[in-house]
Each structure stands twice: as structure tokens, then as C-alpha cells.
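Visitor: need a 3D model of the following:
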Amino acid sequence: MGRKRPGKDPVDAVAGTGPVAGTYPIDTGTCELVPDSFSPDGWILMVNGVHSSHIDLADPRHLDFEYMRWIAALVESRWRPDASLRALHLGAAACSLARYLAAVYPGARQVAVELDGRLAELVRGWFDLPRAPLLRLRVGEARAVTETLHEDSRDLVIRDVFAGAKTPVPLTTTEFTAQVVRVLAPGGVYVVNCGDTPDLRGARAEAATICAAFEYTAAIADPAMLKGRRYGNIILAGSDTPFAEDPSLPRTLLGGAVPAHLWADEKVRSFAAGSRPLHDDPVREVPAEQSVAAPRQ
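Guide: Residues are numbered from 1 along each chain as shown. I've put the predicted structure just below:
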């Protein structure tokens, strides 16, 4: 139930109804739209009981989830606002980050991939998302869609897909990462949101996978997470060009509500030392993924 054909036409023709609080059936279960008690213009989207997205209708540049602010800071350190950014979001949900990038990069062309077709329809109706070609919602499984894309066709790929508390394994492997490398243009960036437990076993394995695929890597997280003291988010990134060229990025990350550290390539590779890159199982099945974020910080 809830599995969609890869490459189904994007959801771009749903009439805007505006957000209405309540619980709604979707292809993969249920979603709940909840008003943000701290903001008159804020809405929280929960998918199968898990916080997935936050939208501020008055300000698309307001990102409530700290890990999204870290991703945004990384992206803005690489591209000027006049860049014609070509972005692919694997895991759409309410398109919080896509909506943010549309505000910061008016010339951006974005595709957000969502497994759950009914959720995509609801989100398009509830929120003031840019219309195609600025933002296309494409219904499909993230890996299958990525494998259909042309070589060198994206500047930025963001993976933020969770089934419960974990990213489906087929979206973490060397074989999948090779598809991302193929899709990225020179100078492009791959960013993943990795949710992990204090043992950091999953983050180390994902770091090893990205280190094997890219010449340059980076990681962003708060100190407690990097020291293995709690469950949370680590942002990992890979590129064929260095990440340390903007001296303001570390200051930006430290100045947030949850101060974060930036690890450059050497530290990421040290972090990944002793872990092996992840690989596909000999027989791979399409995962029943959901676009839900790791727990809020």
C-alpha cells in the first residue's frame, strides 16, 4: 500500500485550499496538520505520528528545524542568490527547504520527490508552494527517480528521507551514491540528513560511503551529537570541490539556536575510519519509505 510508480506526473494542478487542522488519510497511513502554538502563521505536519515538516506561511525563510538551517547555511555558502540553482529534494513532505530555497534563489529550478501521492496533493493544496517549473512535485520512490535523471543535471541533491527513525538502506549505499554522483554537475553538492543513535554507527558508515564517492566531504552537527552523547541529526555532504572556502560558514553555524560545528574533509575521514562503505544487498527491494524527518531538536 502506498507504493507509487516511479516517474508519475508531478502534482502541480491541485487547487489551493489553505491549511485546515486535522488528521487525513494518505497512501502510507495518516498525516496530521497541527497549528504551531508559538506562531500564528506556523503549521506542523506529522506523518504517521512523527514530526515531518514545519511551514511558516508568513515567512518562507523561517526554518523551524535546526538541521534544515544547517543545510541552508551550507548551500548559501556555496551559491550566490543570483545562481540558477538546480536542486533535487529526495523526500518532500511539506517542502519546507524547497520553499526556503525558492525565496533565497529566485532563479532556482527544483524537483521534490515524494513517495506518497496523496500527501503531495494535500501539501500542494495547503501551502503556498512555487508552481512548476520553479518547483515540481514528483511522485515516486527516491532511488528509482534518481536513477532516471540525466547525467550532470543537478547542482544540489538533498536526501532527507526516513521510514520511522531510519533512512531506507537502499538510499544509503555506495551504489545509490554513485547514481547521485552521476546526476550532479561539476561543483555540485550532495547533502544527507543522517539521524543516528549515540553509538554513531550509522553515521560513520554513511560518512565512509560518502568519503569513498567524493573527493571532498563535510559534516555539521552540534557538539553533543558529534561526541555521541545523544540521538539526533548529523548533516553529511560530499562534492568534487572543497567546502572550507567560506570563512563565515563556521560562524553562522555557531550562532544558531543550537550551535553546530563544521567538520572539514580531514575530520570527516577520521570519523569514518574503521567503518566500511555501505552496499546494496544482492537482491534489492524498493523500500516503503516515508518523507518524515528525524525527531525535532
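Visitor: any regions of the protein where pLDDT drops low?
Guide: The model of the chain has pLDDT under 70 over residues 1-16, 283-297.
Visitor: what segments of it are strands?
Guide: For the chain, the strands defined by DSSP state E cover 22-26, 29-35, 42-47, 50-56, 86-90, 109-114, 135-139, 154-159, 184-196, 216-221, 232-239, 261-263.
Visitor: listing partners with orientation, what would you give for the last one?
Guide: When you say that, I think you mean strand 261-263. Paired strands of strand 261-263, with direction, are strand 216-221 (antiparallel) (DSSP bridges).
Visitor: and stretch 130-146, what's buried?
Guide: Of all the residues in stretch 130-146, those buried under the rule 16 or more other C-beta atoms under 10 Å are 130, 132, 135-146. Heads up, the C-betas are built off the backbone N, CA and C, glycines and all.
Visitor: how about CSV for these, with distance to residue 120 added?
Guide: Formatted as CSV, those follow (distance: C-beta to C-beta, whole Å):
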residue, distance to residue 120
130, 14
132, 13
135, 12
136, 10
137, 5
138, 8
139, 6
140, 10
141, 13
142, 13
143, 17
144, 16
145, 13
146, 17
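Visitor: of these, closest to residue 261?
Guide: residue 142 (28.3 Å; C-beta to C-beta).
Visitor: list the contacts for the closest one?
Guide: Neighbour list for residue 142: 90, 91, 113, 115, 159, 161, 171, 289 [criterion: C-beta atoms under 8 Å, 6 or more residues apart in numbering].
Visitor: closest to residue 63 among those residues?
Guide: For these, the nearest to residue 63 is residue 91 (15.1 Å; C-beta to C-beta).
Visitor: what's the spacing between the residue most central in space within the chain and residue 270?
Guide: The centre of the chain sits closest to residue 160, judged by C-alpha atoms, centre = their mean, with a distance of 3.0 Å. Residue 160 is 25 Å from residue 270, where distance means C-beta to C-beta, to the nearest Å.
Visitor: next: residue 35.
Guide: 44 Å.
Visitor: what does residue 229 give?
Guide: Using C-beta to C-beta, residue 229 is found at 19 Å from residue 270.
Visitor: from the contacts of residue 142, which is closest to residue 235?
Guide: The shortest approach to residue 235 among the contacts of residue 142 belongs to residue 159, at 10.5 Å (C-beta to C-beta).
Visitor: hang on, that closest one packs against residue 167?
Guide: Yes - with contact defined as C-beta atoms under 8 Å, residue 159 reaches residue 167; the gap is 7.3 Å.
Visitor: who touches both of these two?
Guide: Here residue 159 and residue 167 have residue 192 as joint contacts, going by C-beta under 8 Å, 6+ apart.
Visitor: can you report how many residues lie near residue 173?
Guide: Close neighbours of residue 173, defined as other C-beta atoms under 10 Å, add up to 20.
Visitor: of the contacts of residue 142, which pair is most distant in space?
Guide: Most distant of these, by C-beta to C-beta, are 115 and 159, 13.2 Å apart.
Visitor: between the two, which is the more surrounded one?
Guide: A direct count of neighbours by other C-beta under 10 Å for residue 115 and residue 159 places residue 115 higher, at 30 against 25.
Visitor: thinking that one is in contact with residue 143, fair?
Guide: No - contact criterion C-beta under 8 Å: residue 115 and residue 143 do not qualify, at 10.6 Å.
Visitor: which residues does the residue lying closest to residue 206 once chain neighbours are set aside contact?
Guide: Leaving aside its chain neighbours, residue 206 sits nearest to residue 194 (5.1 Å; criterion: C-beta to C-beta, 6 or more residues apart in numbering). Going by C-beta under 8 Å, 6+ apart, residue 194 touches 167, 202, 203, 206, 233, 234, 235, 236.
Visitor: show me where the stretch 51-200 of the chain has helices.
Guide: 66-78, 96-104, 117-126, 142-148, 174-183 (DSSP state H, counting those that start in this stretch).
Visitor: burial of residue 186, as a residue count?
Guide: 9.
Visitor: meant to ask about residue 169, not that
Guide: 17.
Visitor: one more: residue 46?
Guide: Counted with other C-beta under 10 Å, residues neighbouring residue 46 total 17.
Visitor: what's the spacing between the closest residue in space to it that isn't next to it in sequence and residue 171?
Guide: Setting aside the residues directly before and after it, residue 46 is nearest to residue 32 in space (C-beta to C-beta, 6+ apart), at 4.4 Å. In this view, residue 32 and residue 171 are 25 Å apart by C-beta to C-beta.
Visitor: who has more neighbours out of these two?
Guide: Using other C-beta under 10 Å, the more surrounded residue of residue 32 and residue 171 is residue 171, with 23 against 15.
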